[in-house]
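>>> sharing a model that was predicted from the sequence below.
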Amino acid sequence: MTLSPEPWSPPVAPDDAPPEHPVWDPIPAAVPVDAADPPEVPDEALALLREWLPANDDPDRPAVTLATVDSSGEPDARTVLLSEHDRSGLYVHTDAASRKVAQLTAHPAVAVVARWDDPLRQLVVRGLAEPADRTETDRAYALRSRYLQQLAWVNTPEVAALPPEERRAAWDAFAAEHPVLEPPESWVGFLVRPTSLTFWTGDPASVSHRREYRLVDGAWTVTELPG
């Protein structure tokens, strides 16, 4: 006869009453950013960002999920490249006519998610987006590959409406006519100023774990949380 193990149950409190499940991590409300004194990422969190993310001059930029809110209050998300990071936060870039720019402008509360398989890690940054300055956007464009630089020029609704062969012809013609590229006026960037940063790590031999930094009343707190 094969015996099946008993299902695991959490410990029971001394009075035999089931223990209440703790509220591990209530989601804080978005924190308004004081434009005169914007918050900076705390030293410990900045060190983790630098450990987990590639250096800003590394051409292999990580893909992240950028979550926004649309005009009806519904969530939206897409994958973008993370251009840079510094003590102020995370930078992403896109076309000024894109849907995400309209959403970021109307509702600046956003979340950015990055994930790695080896080692098991996930970074979740919640915060408020604001336009990046032109010096930063020009620098980010210069670090893009030639393909991505040209994509910022050619990836338009007019080209998207063409059949595949004509899209390739338009791409080749533009490349031949423009051996050197400067950023188009439509190239814009956003700085995501964090109001919380959550660093999740997995452990195949144990439980997963989160370290979360939150901006509370102008000061940063750190909490160790279950994964």
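Structure's in. What do you need? Numbering: from 1, shown residues only.
>>> show the end-to-end separation of stretch 123-138, please.
In stretch 123-138, first residue to last residue: 26 Å (CA to CA, to the nearest Å).
>>> can you list contacts of that stretch?
Residues outside stretch 123-138 that contact it (CB atoms under 8 Å, 6 or more residues apart in numbering) are 30-33, 49, 52-53, 84, 89-91, 93, 104, 108-115, 183, 187-200. Yep, even glycine has a C-beta here, placed from its N, CA and C like the rest.
>>> contacting residues around the residue nearest the centre of the chain?
By CA atoms, centre = their mean, the chain has its centre lying nearest to residue 112, at 2.3 Å. By CB under 8 Å, 6+ apart, residue 112 lies in contact with 64-67, 82, 90, 92, 123-125, 127, 192.
>>> and it, which of the three is it?
strand (DSSP: H, G, I helix; E, B strand; the rest coil).
>>> please name the nearest non-neighbouring residue to it.
Spatial nearest neighbour of residue 112, excluding adjacent residues (CB to CB, 6 or more residues apart in numbering): residue 125 at 4.5 Å.
>>> what about that neighbour, which helix or strand?
strand 121-131 (DSSP states H and E).
>>> and the next element down the chain from that strand?
Next along from strand 121-131, by DSSP H and E: helix 134-143.
>>> please compute how far the following helix or strand past that following helix lies from its chain's middle.
Using DSSP H and E, the helix or strand that follows helix 134-143 in sequence is helix 146-154. When distances are taken as CA atoms, centre = their mean, to the nearest Å, helix 146-154 is centred 22 Å away from the chain's centroid.
>>> check stretch 87-97 too.
Worked out by CA atoms, centre = their mean, stretch 87-97 lies 10 Å from the chain centre.
>>> which residues sit against it?
38, 40-41, 46, 64, 66, 80-85, 100-101, 112, 125, 127, 132, 136-137, 140-141, 152, 155, 185-194.
>>> got a PyMOL select line for the buried ones in those?
To isolate the buried members of the contacts of stretch 87-97 in PyMOL, using 16 or more other CB atoms under 10 Å:
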select buried, resi 41+46+64+66+80+81+82+83+84+85+100+101+112+125+127+132+136+137+140+141+152+187+188+189+190+191+192+193+194
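>>> from the contacts of stretch 87-97, which land in strands?
64, 66, 80-85, 112, 125, 127, 187-194 (DSSP state E).
>>> low pLDDT regions in this structure?
1-38 (pLDDT under 70).
>>> start from the N-terminal end of it and give the helices.
With DSSP state H as the definition, the chain shows helices at residue ranges 43-52, 99-106, 134-143, 146-154, 157-160, 164-177.
>>> any chance of those in TSV, with distance to residue 226 too?
Listed next are these as TSV, based on distance: least, CB to CB, whole Å:
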stretch	distance to residue 226
helix 43-52	18
helix 99-106	32
helix 134-143	36
helix 146-154	39
helix 157-160	45
helix 164-177	49
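>>> so which of the ones you listed gets nearest residue 220?
Residue 220 sits nearest to helix 43-52 of all the helices of the chain, at 7.6 Å, using CB to CB.
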